[in-house]
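Undergrad: take a look and give me a structure for this.
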Amino acid sequence: MSSVRAKFALIVALCVLPLALATWFISRALQQEEREDALGRVGAAEGAFEAALKEDIARLQIAVRMITSDPDVAEALSPLDRTALQEPLQHFGKVWPGLRVLIVDPSGAVLVSSHAEEAGGLVGAMPEVKAALAGKGFEGITKVAQGAAAADHLGHAYAVVQPIEGQLGTLGAVLAAFPLDDAYLETAQRRHRLGLSLALEGKVVARSSEAPPGLAALAPGAVQMFRGEDRSAALAAFEPALLRRGGQSAVVTASLDLTEQERDHHRFLLYRLLSVAGVAAVALLVAGLIARKMNASVVELQRVLPGVALQKYEPVRVVQTGDELQHLLETWNGMVAELKEGALWKRALGKYLSRAALEAVKKGDLALGGTAMPATVLFSDIRGFTTLAERMPPEKLLRILNRYFTEMVSAVMHNEGIVDKFIGDAIMAVWGPPTPSGRDAELALRAALDMRRRLEVLNKEFAAQGLPTLRTGIGIHSGAVVAGNIGAEGDDSMAGKMEYTVIGDTVNLASRLESMTKELKVDILVSGDTALLAGDQFQLERLAEAPIRGREQPVQLYRLDGIRAPSSLADSR
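TA: Residues are numbered from 1 along each chain as shown. Purely as a prediction, here's the structure:
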């Protein structure tokens, strides 16, 4: 977290969040429980619907049996006595007003109906009526039509059609049906307190008022939740066994509207969460008042801490909190004062001491003495410097030297070397101490090439300014050295003076090689020991074997031309 105030807010959130989550989970659990109850209720609708449907079908069957077995009906049908035929049908219309009972003559014309206003018309085109007039009965779902004038008057219906037999054969037929329409499902809805819809052959043909609008036909056995744009309901689809007669697939979907119930849940959940949010707001206000000064203290520290990595030590404004934070800020200001003083000394020492010497000072290794270790030593000197110094004003000479040393020292340090000392216009650089790397010879040669390149650029700059150009000689040798503190111990009467450096025959030979560059007319001279350690990645031309005073064996001398190309390096291997 970025501030103390944010941490206080986190603590409040950690206290309030579980309460809010618990409120949400409890509300969701109650809502889920009610949904499961609703799904169980619609899932149980199949039995109740089947029982009511069974009663309705039984009425049709009773009506048909009564008419087909009544001799008075057969007797009245032969002379087409409509008045005599109407009498039994009036009884059905009064007792079961939802039923439609029609008696037709052999031509398919409707003679009488249980609903007098539906008398007339022609149903002979119906396949079921044709089959009954031919002596074959029918029971199941069909589409009742009474001719073109009243086409599809009853629409889809459950019908029982039977022939009326007499002594002379089939005298006509009776058709008893109840429509499977919106009105029928509305009656069933009031009975079962569930929305209902009916699908035939996968298409919804009727629905009650509480059935979700736009609901597609469901597969039998499906029990699921429906969510429309503004309504939600529990649904269960089933295929009544009694409606399978007649060859059509009939699927009834029962629905229980949960829209208001879920709205209540959402509303109550919102009220509860708003209450929790109110508690959180009050807690945050109190925490904010407490954290204001604490936060100001932390912000002060946050402002200055990034500068420590950049060695920028800034004091802070002490916030009067009267607690540990105020003491921390006061301690910080005291520490910053000491760090500034230490950084000042470090920068000053860095201008006079090598990196290895600085490391020794940091570790407190200030005793005289040294350690033998392998190293590579480089000496670089400006050719004709004495003549140049005689002809040039000191100020201009110093400016040229400083510019020259800046580039050469950068080349050494860029290649992980240590500038041990400056000897007039000469530079002594070392690779190895205090910890040899195994690549010291290679890095020294790369530094020499970098010094050559930088000198070429520097000479172009000097020439453009009308200043004299410089020529240098570089000698490099590898071998054992003694690295450590050399100088004088201090006592009560005088201050000690010491220097971290390297000494030994390797240093002397590197200096001698630098001097021999004049005789051999080369700018970089490398000993055989260094060439062997550097490997075959450099372009080294063997010049001669030179006897060196104090050494039994002559020294192999090489001129360093550059770095081999990758292809050349591969060929040499």
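Undergrad: run a quick neighbour tally on the nearest residue to Met126 once chain neighbours are set aside.
TA: Among residues not flanking Met126 along the chain, Ala145 sits closest, at 6.5 Å (C-beta to C-beta, 6 or more residues apart in numbering). Every residue, glycine included, has its C-beta placed from N, CA and C. Using other C-beta atoms under 10 Å, Ala145 has 18 neighbouring residues.
Undergrad: isn't Ala145 up against Val123?
TA: Yes: here Ala145 reaches Val123: they are 6.7 Å apart, a contact under C-beta atoms under 8 Å.
Undergrad: can I get the host helix or strand of Arg512 in PDB, CA atoms only?
TA: Per DSSP states H and E, Arg512 falls inside helix 505-520. Output of helix 505-520 as PDB, limited to C-alpha atoms (Å, rounded to 0.1, in the frame of the first residue of the first chain):
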ATOM      1  CA  ASP A 505      58.700  -8.100 -11.900                       C
ATOM      2  CA  THR A 506      55.400  -8.100 -13.900                       C
ATOM      3  CA  VAL A 507      55.000  -4.400 -13.300                       C
ATOM      4  CA  ASN A 508      58.600  -3.600 -14.300                       C
ATOM      5  CA  LEU A 509      58.300  -5.700 -17.500                       C
ATOM      6  CA  ALA A 510      55.100  -4.100 -18.500                       C
ATOM      7  CA  SER A 511      56.800  -0.700 -18.100                       C
ATOM      8  CA  ARG A 512      59.800  -1.900 -20.100                       C
ATOM      9  CA  LEU A 513      57.500  -3.100 -22.900                       C
ATOM     10  CA  GLU A 514      55.900   0.300 -23.100                       C
ATOM     11  CA  SER A 515      59.400   1.900 -23.500                       C
ATOM     12  CA  MET A 516      60.200  -0.700 -26.300                       C
ATOM     13  CA  THR A 517      57.200   0.500 -28.400                       C
ATOM     14  CA  LYS A 518      59.500   3.400 -29.500                       C
ATOM     15  CA  GLU A 519      62.300   1.100 -30.700                       C
ATOM     16  CA  LEU A 520      59.900  -1.300 -32.500                       C
END
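Undergrad: need the residues that contact it.
TA: 375, 377-381, 383, 426, 428, 473-481, 523-527, 543-544, 546, 548, 550-551, 555, 557, 559 (C-beta atoms under 8 Å, 6 or more residues apart in numbering).
Undergrad: element containing Asn485?
TA: Assigned by DSSP H and E, Asn485 falls in strand 472-488.
Undergrad: between that strand and helix 505-520, what angle do the directions make?
TA: 150 degrees (axes from the mean of the first three to the mean of the last three C-alpha atoms, to 10 degrees).
Undergrad: just checking: what are the partner strands of the next helix or strand after strand 472-488?
TA: Under the assignment DSSP H and E, the closest C-terminal helix or strand after strand 472-488 is strand 497-503. If you go by DSSP bridges, strand 497-503 pairs up with strand 472-488 (antiparallel).
Undergrad: what comes into contact with whichever strand or helix holds Arg65?
TA: Using DSSP H and E, Arg65 maps to helix 45-68. Applying C-beta under 8 Å, 6+ apart, the contact partners of helix 45-68 are 73, 88-89, 92, 96, 98-99, 101, 103, 139, 158-160, 162-165, 174, 176-178, 188, 191-192, 194, 196, 236, 238, 240-243, 252, 254.
Undergrad: and that helix, how far out from the chain's middle?
TA: 62 Å (C-alpha atoms, centre = their mean, to the nearest Å).
Undergrad: mean confidence score for that helix?
TA: Mean pLDDT, helix 45-68: 86.
Undergrad: so which bits of whatever helix or strand comes next after that helix are buried?
TA: Toward the C-terminus, helix 45-68 is succeeded by helix 71-77 as the next helix or strand (DSSP H and E). Residues 73-74, 76-77 are the ones in helix 71-77 that count as buried (16 or more other C-beta atoms under 10 Å).
Undergrad: what's stretch 225-242 in contact with?
TA: Outside stretch 225-242, the residues within contact range by C-beta under 8 Å, 6+ apart are 35, 38-39, 41-43, 45-46, 49-50, 53-54, 57, 195, 212-215, 217-224, 249-259, 262.
Undergrad: also stretch 191-199?
TA: 41-42, 45, 48-49, 52, 156, 180, 185, 188-189, 204-212, 215, 217-218, 233, 250-257.
Undergrad: ok, now stretch 521-529?
TA: 445, 448-449, 452, 471-479, 509-510, 513-514, 516-517, 534, 540, 543, 555-560.
Undergrad: can you rerun that using 7 Å?
TA: Outside of stretch 521-529, the residues within contact range by C-beta atoms under 7 Å, 6 or more residues apart in numbering are 445, 448, 452, 472-479, 509, 513, 516-517, 540, 555-560.
Undergrad: surely Val160 is in a strand?
TA: Yes: Val160: assigned to a strand according to DSSP: H, G, I helix; E, B strand; the rest coil.
Undergrad: still on that earlier bit, buried subset of the contacts of stretch 521-529?
TA: Among these, the ones that count as buried by 16+ other C-beta under 10 Å are 445, 448, 452, 472-479, 509, 513, 516-517, 540, 555-560.
Undergrad: got phi/psi on Thr253?
TA: With angles defined as degrees, to the nearest 10, Thr253 sits at phi -110, psi 120.
Undergrad: oh sorry, the question was meant for Phe138
TA: Backbone torsions for Phe138, taken as degrees, to the nearest 10, come to phi -150, psi 140.
Undergrad: farthest-separated two in the buried residues of helix 71-77?
TA: Ala74 and Ala76 (7.5 Å; C-beta to C-beta).
Undergrad: CA atoms only: put stretch 265-280 into CSV for me.
TA: The C-alpha trace of stretch 265-280 is given here as CSV (Å, rounded to 0.1, in the frame of the first residue of the first chain):
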residue,chain,number,x,y,z
HIS,A,265,-34.3,-10.0,-3.1
HIS,A,266,-32.2,-7.5,-5.1
ARG,A,267,-33.9,-4.6,-3.2
PHE,A,268,-33.3,-6.1,0.2
LEU,A,269,-29.7,-7.0,-0.7
LEU,A,270,-29.1,-3.5,-1.8
TYR,A,271,-30.5,-2.1,1.5
ARG,A,272,-28.2,-4.4,3.4
LEU,A,273,-25.1,-3.6,1.4
LEU,A,274,-25.9,0.2,1.7
SER,A,275,-26.0,-0.3,5.5
VAL,A,276,-22.6,-2.0,5.4
ALA,A,277,-21.3,0.7,3.2
GLY,A,278,-22.5,3.3,5.7
VAL,A,279,-20.7,1.6,8.5
ALA,A,280,-17.6,1.4,6.3
